[in-house]
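Trainee: sequence-free structure coming up:
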Ligand SMILES: *Cc1c(COP(=O)(O)O)cnc(C)c1O
């Protein structure tokens, strides 16, 4: 009984965890489709697709088969000086669906390194051109990862205290609303006069870690248009929003002004293996193309473009574009819409919002981000066979596209139950 939970305590140190306050980790022994199985024989619907990765379902047969075949042919090879079919095909397939103008694909392993590379591209782009632009622009409450550059631009830095003295310089603006867009443009105007902003990193439309905070495409478009005119490189962090979650392939597809650089991970490799991409335009690439070695991008990770991860990503892309998954996406969007209409009238619900298959509701109370209510909600959901991770006042759903209607109903029922019994 609870063998894994006990053995875990001896040597393991978990991410984002204060072990004294949270000593027990749940042992998961199996996952299939939208379901996680624990070591005590209980099942949970994976309502957040294991941090937005397993969108085509866990242990997807189609993806497994393709990766198994690749495993017998080429497992891993250095990607500096060598190349291979899976990476080439993945670059070709990505360029077909990425927003127009994206031309080059740089691989790394996770969302933080994808944004870290995007930040380095923007800073070195200007450095190579002899521009003195050393500041980055970012949204308040943004989240871009846990490495140093990514931490620096993240606005949600409540836990970054020990490191703040070492951050790169960042200016922050609020996300746009109809009321503040005038103020934002004014701020940008005086900022840009100093001519020191290298790039703007933003989570388009939905800020995941800020509890699925959403802003509208028009306001963002106005900001991007303004920045583009002033040669500020636009870095879209689509690590969370990419690959269908907003109802289109990318959140940037909802916005007229297109990014110069795009960061991708999470659903990129379908929840099977770690992989990330930083894509950019020919213009960005050209600023590094030179007879001088030092103008190149000297960044690389050992597992860059791992062939197995590339094949997982290729299979995921095929599924994403299949009629089946596209109709699943439409089905989940419609189902959330109906739930939203019903639940927004509940007296304990302050607000409901949705972007594609991302659904969030704010509770009509005040609480700490990781306070007690959050834990009681989490436990209630788990007891009802549903894995959700409430953030502060917000309960959100980001389930795999392949989730069934009855599994969706079970998530909705457990949320309604929690509103009545826990809140
Ligand atoms: C998760 C996330 C990251 C960081 O990705 P990791 O793989 O956890 O390093 C960066 N940006 C956004 C928008 C994310 O959601």
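Mentor: Looks like it arrived, so ask away. Here the structure is a predicted model, which is why all the values come from computation and not from measurement. Numbering: from 1, shown residues only.

Trainee: mind listing what's buried along whichever strand or helix holds residue 149?
Mentor: Mapping residue 149 onto the secondary structure by DSSP states H and E places it in helix 148-153. Judged by neighbour count (16 or more other CB atoms under 10 Å), helix 148-153 contains these buried residues: 149, 150, 151, 152, 153. To be clear about C-beta, it is placed using only N, CA and C from the backbone, and glycine gets the same treatment.

Trainee: packing partners for it?
Mentor: Judged by 3 or more CB pairs under 8 Å, 6 or more residues apart in numbering; DSSP states H and E, helix 148-153 is in contact with helix 111-128, strand 135-139.

Trainee: give me the residue from the stretch 101-250 of the chain nearest the ligand.
Mentor: Minimum separation of the stretch 101-250 of the chain from the ligand (CB to the nearest ligand atom) falls at residue 111, amounting to 2.0 Å.

Trainee: show the pLDDT at that residue.
Mentor: Each residue has a pLDDT score; the one for residue 111 is 98.

Trainee: who's in contact with it?
Mentor: For residue 111, the residues meeting the contact criterion (CB atoms under 8 Å, 6 or more residues apart in numbering) are 144, 145, 150, 237, 239, 240, 263, 265, 266, 276.

Trainee: again, only using 6 Å
Mentor: Residues touching residue 111, when contacts are defined by CB atoms under 6 Å, 6 or more residues apart in numbering, comprise 145, 239, 265.

Trainee: check residue 87 too.
Mentor: Neighbouring residues of residue 87 by CB under 6 Å, 6+ apart: 305, 310.

Trainee: which bits of the stretch 1-150 of the chain sit near the ligand?
Mentor: Residues of the stretch 1-150 of the chain lying near the ligand by CB under 6 Å from any ligand atom: 110, 111, 112, 115, 143, 144, 145.

Trainee: among the residues you listed, which ones are buried?
Mentor: The neighbour-count test (16+ other CB under 10 Å) marks 110, 111, 112, 115, 143, 144, 145 as buried among these.

Trainee: the fifth one and residue 159 touch, don't they?
Mentor: Think residue 143. No - contact between residue 143 and residue 159 fails when scored by CB atoms under 6 Å: they sit 11.3 Å apart.

Trainee: which residue comes closest to residue 423 once chain neighbours are left out?
Mentor: Computed as CB to CB, 6 or more residues apart in numbering, the closest residue to residue 423 that is not its neighbour in sequence is residue 348, at 4.8 Å.

Trainee: no wait, residue 9
Mentor: Taking CB to CB, 6+ apart, and ignoring the residues beside it in sequence, residue 9 has residue 23 as its nearest neighbour in space, at 6.7 Å.

Trainee: point to the residue nearest the middle of this protein.
Mentor: If you average the C-alpha coordinates of the chain and look for the closest C-alpha using CA atoms, centre = their mean, you land on residue 240, 1.8 Å from that point.

Trainee: quick one, helices of the stretch 251-400 of the chain?
Mentor: Remark: helices assigned in the stretch 251-400 of the chain by DSSP state H, counting those that start in this stretch are 282-286, 307-320, 323-343, 372-383.

Trainee: can you list these in a markdown table and add mean pLDDT, mean neighbour count and distance to the ligand?
Mentor: Shown next, in a markdown table, are the helices of the stretch 251-400 of the chain (pLDDT from 0 to 100; neighbours: other CB atoms under 10 Å; distance: least, CB to the nearest ligand atom, whole Å):
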| stretch | mean pLDDT | mean neighbour count | distance to the ligand |
| --- | --- | --- | --- |
| helix 282-286 | 98 | 15 | 19 |
| helix 307-320 | 98 | 24 | 13 |
| helix 323-343 | 98 | 16 | 19 |
| helix 372-383 | 94 | 16 | 19 |
